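Colleague: Have a look at this prediction, sequence included:
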Amino acid sequence: MTTYWRLGATAAIVILGSPCLIQALDVVTPDNRTLDEIYSLAKNESGPLNIIFGGSSAAAAAPILAAFSKQYPDVVLNATTDLSKYVDTVIDRSYITNNPYVDIAILQTVNDYPRWRDEGRLLKYKPATFDEINNSIKDPNGAYVPVNIYQFGPFYYDNTKVTPERVPKSYADILDPYWKGKLVLTYPNDDDGVLTLFSLIISRYGFAWFDALMEQDVLWVRGASAASTTIINAHNSTNTTDSARSLTFTALGGFTPSTSFLTVAQPQAPEQFMSWGQLLGIFASTPRPESAKLFASFVLSNEWQSSLAAAGPVVMDSLNQQFGHALFEANNTQVTGYITFMGDRARVEWWRMQIETTLGLPQGPDPPTGR
Ligand SMILES: *[C@@H]1O[C@H](CO)[C@@H](O)[C@H](O)[C@H]1NC(C)=O
Ligand SMILES: *[C@@H]1O[C@H](CO)[C@@H](O)[C@H](O)[C@H]1NC(C)=O
Ligand SMILES: *[C@@H]1O[C@H](CO)[C@@H](O)[C@H](O)[C@H]1NC(C)=O
Ligand SMILES: *[C@@H]1O[C@H](CO)[C@@H](O)[C@H](O)[C@H]1NC(C)=O
Ligand SMILES: *[C@@H]1O[C@H](CO)[C@@H](O)[C@H](O)[C@H]1NC(C)=O
Ligand SMILES: *[C@@H]1O[C@H](CO)[C@@H](O)[C@H](O)[C@H]1NC(C)=O
Ligand SMILES: *[C@@H]1O[C@H](CO)[C@@H](O)[C@H](O)[C@H]1NC(C)=O
(Lines give C-alpha, C1' and ligand atoms only; values in the text may rest on other atoms or scores of the structure.)
(Ligands and ions follow the chains in the order given, each with its own letter.)
Protein backbone atom coordinates (compact mmCIF):
# COMPACT_ATOMS: atom_id res chain seq x y z
CA MET A 1 0.00 0.00 0.00
CA THR A 2 1.33 3.41 -0.93
CA THR A 3 1.64 5.71 2.02
CA TYR A 4 0.70 9.33 1.77
CA TRP A 5 4.15 10.59 2.74
CA ARG A 6 5.60 8.68 -0.23
CA LEU A 7 3.14 10.38 -2.56
CA GLY A 8 4.09 13.68 -0.99
CA ALA A 9 7.82 13.08 -1.49
CA THR A 10 7.29 12.02 -5.12
CA ALA A 11 5.17 15.07 -5.78
CA ALA A 12 7.90 17.34 -4.39
CA ILE A 13 10.52 15.79 -6.69
CA VAL A 14 8.23 16.15 -9.71
CA ILE A 15 7.63 19.82 -8.89
CA LEU A 16 11.36 20.56 -8.60
CA GLY A 17 12.06 18.77 -11.85
CA SER A 18 9.40 20.49 -13.96
CA PRO A 19 9.81 24.09 -15.14
CA CYS A 20 6.10 24.18 -15.87
CA LEU A 21 5.15 23.39 -12.33
CA ILE A 22 7.80 25.72 -10.96
CA GLN A 23 6.15 28.47 -12.96
CA ALA A 24 2.85 27.49 -11.42
CA LEU A 25 4.43 28.18 -8.02
CA ASP A 26 5.33 31.69 -9.18
CA VAL A 27 2.43 33.11 -7.23
CA VAL A 28 1.45 36.73 -7.61
CA THR A 29 -1.09 37.77 -5.01
CA PRO A 30 -3.76 40.38 -5.79
CA ASP A 31 -2.62 43.93 -5.05
CA ASN A 32 -4.04 44.76 -1.64
CA ARG A 33 -3.11 48.45 -1.74
CA THR A 34 -5.78 51.10 -2.22
CA LEU A 35 -5.83 52.96 -5.51
CA ASP A 36 -4.79 56.11 -3.66
CA GLU A 37 -1.73 54.31 -2.28
CA ILE A 38 -0.77 53.22 -5.80
CA TYR A 39 -1.45 56.76 -7.04
CA SER A 40 0.97 58.26 -4.51
CA LEU A 41 3.76 56.13 -6.03
CA ALA A 42 2.57 56.58 -9.61
CA LYS A 43 2.74 60.36 -9.25
CA ASN A 44 6.46 60.03 -8.70
CA GLU A 45 6.97 58.31 -12.07
CA SER A 46 7.64 60.33 -15.17
CA GLY A 47 5.12 59.97 -17.95
CA PRO A 48 3.26 59.84 -20.11
CA LEU A 49 1.76 56.38 -19.69
CA ASN A 50 1.52 55.00 -23.23
CA ILE A 51 -1.71 53.05 -23.67
CA ILE A 52 -2.78 51.49 -26.95
CA PHE A 53 -6.43 50.65 -27.51
CA GLY A 54 -7.48 48.31 -30.27
CA GLY A 55 -10.61 49.41 -32.08
CA SER A 56 -12.16 51.15 -35.02
CA SER A 57 -13.06 54.38 -33.18
CA ALA A 58 -11.01 56.45 -30.75
CA ALA A 59 -14.29 57.58 -29.17
CA ALA A 60 -14.74 54.15 -27.57
CA ALA A 61 -11.86 54.77 -25.14
CA ALA A 62 -12.91 58.32 -24.26
CA PRO A 63 -15.07 57.48 -21.19
CA ILE A 64 -12.41 55.44 -19.35
CA LEU A 65 -9.71 57.98 -20.18
CA ALA A 66 -11.84 60.89 -18.94
CA ALA A 67 -12.82 59.06 -15.74
CA PHE A 68 -9.22 58.09 -14.98
CA SER A 69 -7.80 61.55 -15.68
CA LYS A 70 -10.44 63.18 -13.51
CA GLN A 71 -9.56 60.96 -10.56
CA TYR A 72 -5.78 60.80 -11.12
CA PRO A 73 -4.80 64.03 -12.91
CA ASP A 74 -1.10 63.70 -12.12
CA VAL A 75 -0.71 60.51 -14.17
CA VAL A 76 -0.52 61.82 -17.72
CA LEU A 77 -1.89 59.47 -20.37
CA ASN A 78 -0.87 59.17 -24.00
CA ALA A 79 -3.62 57.02 -25.48
CA THR A 80 -3.91 55.95 -29.10
CA THR A 81 -6.44 53.80 -30.92
CA ASP A 82 -5.95 51.74 -34.04
CA LEU A 83 -7.08 48.35 -35.28
CA SER A 84 -5.66 45.65 -32.98
CA LYS A 85 -4.22 43.78 -35.96
CA TYR A 86 -2.03 46.80 -36.73
CA VAL A 87 -0.99 47.88 -33.24
CA ASP A 88 0.15 44.41 -32.22
CA THR A 89 2.66 44.46 -35.05
CA VAL A 90 3.77 47.96 -34.02
CA ILE A 91 4.28 46.65 -30.48
CA ASP A 92 6.31 43.69 -31.77
CA ARG A 93 8.44 45.91 -33.98
CA SER A 94 9.17 48.34 -31.15
CA TYR A 95 10.26 45.33 -29.10
CA ILE A 96 12.50 43.90 -31.85
CA THR A 97 14.17 47.29 -32.33
CA ASN A 98 14.76 47.73 -28.58
CA ASN A 99 12.35 50.60 -28.21
CA PRO A 100 9.36 49.01 -26.44
CA TYR A 101 7.62 52.28 -25.62
CA VAL A 102 4.09 50.88 -25.10
CA ASP A 103 3.21 50.43 -21.40
CA ILE A 104 -0.30 48.96 -21.73
CA ALA A 105 -2.12 47.28 -24.62
CA ILE A 106 -5.90 46.70 -24.56
CA LEU A 107 -6.62 44.67 -27.69
CA GLN A 108 -9.00 42.34 -29.51
CA THR A 109 -6.16 40.09 -30.76
CA VAL A 110 -6.42 37.68 -27.83
CA ASN A 111 -3.91 35.35 -29.50
CA ASP A 112 -1.06 37.83 -28.90
CA TYR A 113 -1.19 37.72 -25.11
CA PRO A 114 -0.20 34.10 -24.42
CA ARG A 115 2.68 34.57 -26.88
CA TRP A 116 3.82 37.82 -25.23
CA ARG A 117 3.54 36.10 -21.84
CA ASP A 118 5.61 33.11 -23.00
CA GLU A 119 8.24 35.49 -24.37
CA GLY A 120 8.47 37.01 -20.88
CA ARG A 121 7.25 40.39 -22.11
CA LEU A 122 4.25 40.85 -19.81
CA LEU A 123 4.31 42.06 -16.23
CA LYS A 124 2.45 39.65 -13.98
CA TYR A 125 0.02 41.78 -12.05
CA LYS A 126 -3.22 41.05 -10.27
CA PRO A 127 -5.46 44.00 -9.45
CA ALA A 128 -7.35 43.71 -6.16
CA THR A 129 -10.46 42.32 -7.92
CA PHE A 130 -8.52 39.63 -9.83
CA ASP A 131 -10.23 36.70 -8.11
CA GLU A 132 -13.64 38.05 -9.18
CA ILE A 133 -12.75 37.82 -12.89
CA ASN A 134 -14.08 34.70 -14.58
CA ASN A 135 -11.31 32.07 -14.68
CA SER A 136 -11.98 31.00 -18.26
CA ILE A 137 -10.68 34.21 -19.87
CA LYS A 138 -7.78 35.42 -17.70
CA ASP A 139 -4.19 34.31 -17.25
CA PRO A 140 -4.06 32.51 -13.88
CA ASN A 141 -0.79 34.25 -13.01
CA GLY A 142 -1.99 37.74 -13.94
CA ALA A 143 0.04 38.19 -17.16
CA TYR A 144 -3.15 39.47 -18.82
CA VAL A 145 -6.70 40.20 -17.75
CA PRO A 146 -9.95 40.86 -19.63
CA VAL A 147 -11.44 44.29 -19.00
CA ASN A 148 -14.55 44.59 -21.21
CA ILE A 149 -17.01 42.20 -22.78
CA TYR A 150 -17.87 42.92 -26.41
CA GLN A 151 -19.97 41.12 -28.98
CA PHE A 152 -20.66 40.83 -32.68
CA GLY A 153 -23.84 39.30 -33.96
CA PRO A 154 -26.80 40.88 -32.14
CA PHE A 155 -29.09 42.85 -34.45
CA TYR A 156 -28.86 46.62 -34.12
CA TYR A 157 -31.69 48.37 -35.90
CA ASP A 158 -33.36 51.74 -36.24
CA ASN A 159 -36.56 51.19 -34.30
CA THR A 160 -38.33 54.01 -36.17
CA LYS A 161 -37.90 52.07 -39.44
CA VAL A 162 -37.97 48.39 -38.45
CA THR A 163 -41.27 47.25 -36.96
CA PRO A 164 -41.17 44.66 -34.13
CA GLU A 165 -42.45 41.81 -36.34
CA ARG A 166 -39.67 42.49 -38.87
CA VAL A 167 -36.82 42.19 -36.34
CA PRO A 168 -34.80 39.12 -37.38
CA LYS A 169 -34.59 36.20 -35.00
CA SER A 170 -31.92 34.36 -36.90
CA TYR A 171 -29.30 35.02 -39.58
CA ALA A 172 -31.51 33.11 -42.02
CA ASP A 173 -34.15 35.84 -41.60
CA ILE A 174 -31.92 38.53 -43.09
CA LEU A 175 -32.02 36.74 -46.45
CA ASP A 176 -35.67 37.79 -46.77
CA PRO A 177 -36.09 40.10 -49.82
CA TYR A 178 -37.40 42.73 -47.35
CA TRP A 179 -33.79 43.35 -46.21
CA LYS A 180 -32.40 44.04 -49.67
CA GLY A 181 -30.65 47.41 -49.59
CA LYS A 182 -31.18 47.77 -45.83
CA LEU A 183 -28.11 46.05 -44.37
CA VAL A 184 -24.79 47.59 -43.31
CA LEU A 185 -22.04 45.11 -42.40
CA THR A 186 -18.36 45.25 -41.51
CA TYR A 187 -15.98 43.43 -43.88
CA PRO A 188 -15.39 40.09 -42.10
CA ASN A 189 -11.99 39.83 -43.80
CA ASP A 190 -10.93 43.08 -42.09
CA ASP A 191 -11.76 42.11 -38.50
CA ASP A 192 -11.16 38.69 -36.96
CA GLY A 193 -14.04 39.23 -34.51
CA VAL A 194 -16.53 39.70 -37.33
CA LEU A 195 -14.82 36.82 -39.16
CA THR A 196 -15.45 34.60 -36.12
CA LEU A 197 -19.14 35.49 -36.32
CA PHE A 198 -19.29 34.68 -40.04
CA SER A 199 -17.54 31.36 -39.40
CA LEU A 200 -20.29 30.50 -36.89
CA ILE A 201 -23.09 31.50 -39.25
CA ILE A 202 -21.63 29.79 -42.33
CA SER A 203 -20.87 26.66 -40.30
CA ARG A 204 -24.58 26.51 -39.50
CA TYR A 205 -26.13 27.54 -42.84
CA GLY A 206 -23.40 26.74 -45.35
CA PHE A 207 -21.77 28.98 -47.95
CA ALA A 208 -25.15 29.20 -49.68
CA TRP A 209 -26.09 31.64 -46.91
CA PHE A 210 -23.12 33.85 -47.73
CA ASP A 211 -23.83 33.68 -51.47
CA ALA A 212 -27.45 34.70 -50.80
CA LEU A 213 -26.24 37.55 -48.55
CA MET A 214 -24.15 38.82 -51.45
CA GLU A 215 -27.41 39.28 -53.38
CA GLN A 216 -28.88 41.52 -50.66
CA ASP A 217 -27.15 44.75 -51.79
CA VAL A 218 -25.26 44.99 -48.50
CA LEU A 219 -23.27 48.14 -47.75
CA TRP A 220 -19.90 46.78 -46.62
CA VAL A 221 -17.87 49.12 -44.39
CA ARG A 222 -14.48 49.03 -42.67
CA GLY A 223 -14.70 48.83 -38.89
CA ALA A 224 -17.53 47.96 -36.54
CA SER A 225 -18.13 51.57 -35.52
CA ALA A 226 -18.84 52.49 -39.16
CA ALA A 227 -21.67 49.93 -39.23
CA SER A 228 -23.58 51.64 -36.42
CA THR A 229 -22.57 55.16 -37.50
CA THR A 230 -23.95 54.54 -41.00
CA ILE A 231 -27.34 53.60 -39.54
CA ILE A 232 -27.28 56.61 -37.20
CA ASN A 233 -26.43 58.94 -40.10
CA ALA A 234 -29.15 57.31 -42.21
CA HIS A 235 -31.77 58.04 -39.56
CA ASN A 236 -32.69 61.49 -40.88
CA SER A 237 -31.34 61.18 -44.39
CA THR A 238 -33.55 62.52 -47.17
CA ASN A 239 -31.76 60.31 -49.70
CA THR A 240 -33.93 57.19 -49.99
CA THR A 241 -30.98 54.87 -50.73
CA ASP A 242 -29.12 55.99 -47.61
CA SER A 243 -32.22 56.19 -45.47
CA ALA A 244 -33.06 52.51 -46.10
CA ARG A 245 -29.91 51.39 -44.20
CA SER A 246 -31.47 50.32 -40.94
CA LEU A 247 -29.97 47.01 -39.73
CA THR A 248 -26.55 45.63 -38.86
CA PHE A 249 -25.25 42.67 -36.89
CA THR A 250 -21.61 43.79 -36.79
CA ALA A 251 -22.02 46.97 -34.73
CA LEU A 252 -19.41 48.18 -32.27
CA GLY A 253 -19.52 45.68 -29.51
CA GLY A 254 -21.66 47.10 -26.65
CA PHE A 255 -24.88 45.65 -25.31
CA THR A 256 -26.94 48.81 -24.82
CA PRO A 257 -26.83 51.32 -27.68
CA SER A 258 -26.44 54.91 -26.51
CA THR A 259 -28.67 56.17 -29.31
CA SER A 260 -32.38 56.19 -28.44
CA PHE A 261 -33.62 55.06 -31.87
CA LEU A 262 -31.24 52.08 -31.97
CA THR A 263 -32.42 48.82 -30.43
CA VAL A 264 -30.37 45.66 -29.97
CA ALA A 265 -31.83 42.13 -30.20
CA GLN A 266 -29.85 38.96 -29.57
CA PRO A 267 -30.43 35.93 -31.76
CA GLN A 268 -31.69 33.04 -29.64
CA ALA A 269 -30.19 29.56 -29.25
CA PRO A 270 -29.49 27.42 -31.15
CA GLU A 271 -28.35 30.47 -33.20
CA GLN A 272 -24.91 31.59 -31.95
CA PHE A 273 -23.32 35.04 -31.90
CA MET A 274 -19.77 35.78 -30.80
CA SER A 275 -18.58 37.59 -27.66
CA TRP A 276 -15.22 38.06 -26.05
CA GLY A 277 -13.25 39.72 -23.29
CA GLN A 278 -10.97 42.51 -24.55
CA LEU A 279 -7.58 41.83 -22.95
CA LEU A 280 -5.26 44.16 -21.03
CA GLY A 281 -1.56 43.48 -20.64
CA ILE A 282 1.14 45.58 -19.00
CA PHE A 283 4.53 45.24 -20.68
CA ALA A 284 7.37 44.25 -18.36
CA SER A 285 9.52 46.87 -20.08
CA THR A 286 7.43 49.72 -18.66
CA PRO A 287 9.44 52.38 -16.83
CA ARG A 288 6.12 53.37 -15.20
CA PRO A 289 4.95 50.20 -13.41
CA GLU A 290 2.95 51.93 -10.69
CA SER A 291 1.11 54.14 -13.21
CA ALA A 292 0.35 51.08 -15.29
CA LYS A 293 -0.87 49.15 -12.23
CA LEU A 294 -3.03 52.10 -11.25
CA PHE A 295 -4.67 52.17 -14.67
CA ALA A 296 -5.30 48.41 -14.66
CA SER A 297 -6.66 48.60 -11.11
CA PHE A 298 -8.94 51.48 -12.03
CA VAL A 299 -10.37 49.71 -15.10
CA LEU A 300 -11.03 46.62 -12.99
CA SER A 301 -12.24 48.51 -9.91
CA ASN A 302 -15.70 47.67 -8.62
CA GLU A 303 -16.65 51.27 -9.27
CA TRP A 304 -15.78 51.25 -12.98
CA GLN A 305 -16.97 47.70 -13.63
CA SER A 306 -20.30 48.46 -11.93
CA SER A 307 -20.84 51.33 -14.34
CA LEU A 308 -20.29 48.87 -17.21
CA ALA A 309 -22.45 46.19 -15.60
CA ALA A 310 -25.39 48.61 -15.61
CA ALA A 311 -25.32 48.38 -19.43
CA GLY A 312 -24.41 44.73 -20.01
CA PRO A 313 -22.34 41.73 -18.94
CA VAL A 314 -18.85 42.30 -17.56
CA VAL A 315 -15.76 40.21 -16.85
CA MET A 316 -16.45 39.92 -13.12
CA ASP A 317 -18.61 36.99 -11.99
CA SER A 318 -19.75 38.80 -8.82
CA LEU A 319 -21.11 41.79 -10.77
CA ASN A 320 -22.76 39.61 -13.42
CA GLN A 321 -24.56 37.87 -10.61
CA GLN A 322 -25.52 41.13 -8.94
CA PHE A 323 -26.81 42.68 -12.19
CA GLY A 324 -28.45 39.47 -13.45
CA HIS A 325 -26.23 38.91 -16.51
CA ALA A 326 -25.84 35.26 -17.45
CA LEU A 327 -23.26 35.71 -20.22
CA PHE A 328 -20.88 32.95 -19.16
CA GLU A 329 -23.74 30.48 -18.83
CA ALA A 330 -25.55 31.66 -21.99
CA ASN A 331 -26.54 29.11 -24.65
CA ASN A 332 -26.44 31.59 -27.58
CA THR A 333 -22.79 32.70 -27.20
CA GLN A 334 -19.54 31.11 -25.98
CA VAL A 335 -17.10 33.65 -24.55
CA THR A 336 -14.17 31.23 -24.80
CA GLY A 337 -14.97 30.21 -28.40
CA TYR A 338 -13.29 33.33 -29.76
CA ILE A 339 -10.05 32.53 -27.88
CA THR A 340 -10.00 29.07 -29.48
CA PHE A 341 -10.74 30.48 -32.95
CA MET A 342 -8.08 33.20 -32.70
CA GLY A 343 -5.44 30.76 -31.48
CA ASP A 344 -5.63 28.73 -34.71
CA ARG A 345 -4.12 31.11 -37.24
CA ALA A 346 -4.28 28.64 -40.15
CA ARG A 347 -8.02 28.33 -39.62
CA VAL A 348 -8.44 32.12 -39.34
CA GLU A 349 -6.55 32.55 -42.61
CA TRP A 350 -8.70 29.89 -44.29
CA TRP A 351 -11.92 31.68 -43.31
CA ARG A 352 -10.57 35.09 -44.26
CA MET A 353 -9.69 33.88 -47.75
CA GLN A 354 -13.06 32.16 -48.13
CA ILE A 355 -14.72 35.53 -47.51
CA GLU A 356 -12.25 37.56 -49.55
CA THR A 357 -12.59 35.35 -52.60
CA THR A 358 -16.25 36.32 -52.78
CA LEU A 359 -16.22 39.81 -51.31
CA GLY A 360 -12.85 41.17 -52.42
CA LEU A 361 -10.39 43.22 -50.39
CA PRO A 362 -11.78 45.64 -47.79
CA GLN A 363 -12.20 49.05 -49.41
CA GLY A 364 -11.54 52.40 -47.75
CA PRO A 365 -9.10 54.00 -45.31
CA ASP A 366 -8.09 52.54 -41.94
CA PRO A 367 -11.11 53.48 -39.77
CA PRO A 368 -9.62 55.20 -36.69
CA THR A 369 -6.61 56.84 -38.33
CA GLY A 370 -7.93 57.58 -41.81
CA ARG A 371 -4.60 56.65 -43.37
C1 LIG B 1 -0.68 42.79 1.41
O2 LIG B 1 0.08 41.91 0.57
C3 LIG B 1 1.41 41.80 0.97
C4 LIG B 1 2.14 41.00 -0.12
O5 LIG B 1 1.44 39.88 -0.49
C6 LIG B 1 1.47 41.13 2.35
O7 LIG B 1 2.82 41.04 2.76
C8 LIG B 1 0.68 41.98 3.34
O9 LIG B 1 0.58 41.32 4.58
C10 LIG B 1 -0.73 42.25 2.84
N11 LIG B 1 -1.39 43.22 3.69
C12 LIG B 1 -2.64 43.10 4.09
C13 LIG B 1 -3.17 44.21 4.94
O14 LIG B 1 -3.32 42.14 3.78
C1 LIG C 1 10.54 59.52 -6.26
O2 LIG C 1 11.48 59.43 -7.34
C3 LIG C 1 12.78 59.85 -6.99
C4 LIG C 1 13.64 59.77 -8.24
O5 LIG C 1 12.89 59.80 -9.42
C6 LIG C 1 13.32 58.95 -5.90
O7 LIG C 1 14.60 59.44 -5.50
C8 LIG C 1 12.39 58.95 -4.70
O9 LIG C 1 12.82 58.01 -3.75
C10 LIG C 1 10.97 58.59 -5.15
N11 LIG C 1 10.05 58.72 -4.02
C12 LIG C 1 9.19 57.76 -3.73
C13 LIG C 1 8.26 58.06 -2.59
O14 LIG C 1 9.12 56.70 -4.35
C1 LIG D 1 2.43 58.77 -27.65
O2 LIG D 1 1.97 57.66 -28.40
C3 LIG D 1 2.33 57.70 -29.76
C4 LIG D 1 1.63 56.55 -30.48
O5 LIG D 1 1.74 55.35 -29.80
C6 LIG D 1 3.85 57.60 -29.87
O7 LIG D 1 4.24 57.64 -31.23
C8 LIG D 1 4.47 58.76 -29.11
O9 LIG D 1 5.87 58.62 -29.11
C10 LIG D 1 3.97 58.79 -27.67
N11 LIG D 1 4.46 60.00 -27.01
C12 LIG D 1 5.30 59.96 -25.98
C13 LIG D 1 5.68 61.29 -25.43
O14 LIG D 1 5.71 58.92 -25.50
C1 LIG E 1 -17.02 31.34 -15.63
O2 LIG E 1 -17.26 31.04 -17.00
C3 LIG E 1 -17.59 29.68 -17.24
C4 LIG E 1 -17.74 29.47 -18.74
O5 LIG E 1 -16.77 30.11 -19.48
C6 LIG E 1 -18.89 29.35 -16.53
O7 LIG E 1 -19.21 28.00 -16.72
C8 LIG E 1 -18.75 29.65 -15.04
O9 LIG E 1 -20.01 29.49 -14.40
C10 LIG E 1 -18.26 31.06 -14.77
N11 LIG E 1 -17.91 31.17 -13.36
C12 LIG E 1 -18.68 31.82 -12.48
C13 LIG E 1 -18.18 31.78 -11.08
O14 LIG E 1 -19.66 32.46 -12.79
C1 LIG F 1 -32.84 63.93 -36.64
O2 LIG F 1 -33.71 65.04 -36.74
C3 LIG F 1 -34.29 65.41 -35.50
C4 LIG F 1 -35.34 66.50 -35.78
O5 LIG F 1 -34.83 67.43 -36.65
C6 LIG F 1 -33.17 65.90 -34.59
O7 LIG F 1 -33.69 66.27 -33.32
C8 LIG F 1 -32.17 64.78 -34.40
O9 LIG F 1 -31.06 65.22 -33.64
C10 LIG F 1 -31.67 64.22 -35.71
N11 LIG F 1 -30.93 63.01 -35.45
C12 LIG F 1 -29.80 62.68 -36.05
C13 LIG F 1 -29.17 61.40 -35.63
O14 LIG F 1 -29.30 63.38 -36.90
C1 LIG G 1 -28.25 58.80 -52.61
O2 LIG G 1 -27.19 58.07 -51.95
C3 LIG G 1 -26.55 57.13 -52.79
C4 LIG G 1 -25.61 56.29 -51.92
O5 LIG G 1 -24.97 57.06 -50.92
C6 LIG G 1 -25.86 57.85 -53.91
O7 LIG G 1 -25.21 56.92 -54.74
C8 LIG G 1 -26.89 58.64 -54.72
O9 LIG G 1 -26.26 59.41 -55.68
C10 LIG G 1 -27.70 59.56 -53.80
N11 LIG G 1 -28.81 60.13 -54.56
C12 LIG G 1 -29.02 61.43 -54.63
C13 LIG G 1 -30.21 61.86 -55.43
O14 LIG G 1 -28.29 62.25 -54.09
C1 LIG H 1 -31.43 28.95 -23.98
O2 LIG H 1 -31.53 29.65 -22.75
C3 LIG H 1 -32.73 30.37 -22.61
C4 LIG H 1 -32.60 31.26 -21.35
O5 LIG H 1 -32.00 30.60 -20.31
C6 LIG H 1 -33.88 29.39 -22.54
O7 LIG H 1 -35.11 30.09 -22.39
C8 LIG H 1 -33.92 28.59 -23.84
O9 LIG H 1 -34.89 27.61 -23.78
C10 LIG H 1 -32.56 27.94 -24.13
N11 LIG H 1 -32.59 27.42 -25.48
C12 LIG H 1 -32.04 26.28 -25.83
C13 LIG H 1 -32.18 25.89 -27.28
O14 LIG H 1 -31.43 25.57 -25.06
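Modeller: Perfect, I can see it now. Numbers count the residues shown, from 1 in each chain. Ligands and ions are numbered 1, 2, ... in the order given.
Colleague: distance of the residue nearest the centre of the chain from ligand 6?
Modeller: What sits nearest the mean C-alpha location of the chain, by C-alpha atoms, centre = their mean, is Q278, with 3.0 Å. Separation of Q278 from ligand 6 (C-beta to the nearest ligand atom, to the nearest Å) stands at 32 Å. Every C-beta, even on glycine, is put in place using the N, C-alpha and C of the backbone.
Colleague: My guess is that residue contacts A61. True?
Modeller: No - Q278 is beyond contact range of A61, at 10.7 Å (criterion: C-beta atoms under 8 Å).
Colleague: okay, S56: pLDDT?
Modeller: With respect to pLDDT, S56 has a value of 92.
Colleague: what's the burial count for it?
Modeller: 27 (other C-beta atoms under 10 Å).
Colleague: Enumerate every residue touching the residue in the stretch 1-150 of the chain that ligand 6 sits nearest to.
Modeller: Closest residue of the stretch 1-150 of the chain to ligand 6, C-beta to the nearest ligand atom: S56 (20.2 Å). Contacts for S56 were tallied using C-beta atoms under 8 Å, 6 or more residues apart in numbering; they are L83, D191, R222, G223, A224, S225, A226, L252, P367, P368.
Colleague: Make JSON lines from those and add pLDDT to it.
Modeller: Converted to JSON lines, the contacts of S56 look like this (pLDDT from 0 to 100):
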{"residue": "L83", "pLDDT": "96"}
{"residue": "D191", "pLDDT": "96"}
{"residue": "R222", "pLDDT": "96"}
{"residue": "G223", "pLDDT": "93"}
{"residue": "A224", "pLDDT": "93"}
{"residue": "S225", "pLDDT": "92"}
{"residue": "A226", "pLDDT": "94"}
{"residue": "L252", "pLDDT": "77"}
{"residue": "P367", "pLDDT": "92"}
{"residue": "P368", "pLDDT": "91"}
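Colleague: so can I have JSON lines of the residues you listed showing secondary structure and distance to ligand 3?
Modeller: Formatted as JSON lines, the contacts of S56 follow (DSSP: H, G, I helix; E, B strand; the rest coil; distance: C-beta to the nearest ligand atom, whole Å):
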{"residue": "L83", "secondary structure": "coil", "distance to ligand 3": "14"}
{"residue": "D191", "secondary structure": "coil", "distance to ligand 3": "21"}
{"residue": "R222", "secondary structure": "coil", "distance to ligand 3": "21"}
{"residue": "G223", "secondary structure": "coil", "distance to ligand 3": "19"}
{"residue": "A224", "secondary structure": "helix", "distance to ligand 3": "22"}
{"residue": "S225", "secondary structure": "helix", "distance to ligand 3": "20"}
{"residue": "A226", "secondary structure": "helix", "distance to ligand 3": "22"}
{"residue": "L252", "secondary structure": "coil", "distance to ligand 3": "22"}
{"residue": "P367", "secondary structure": "coil", "distance to ligand 3": "17"}
{"residue": "P368", "secondary structure": "coil", "distance to ligand 3": "12"}
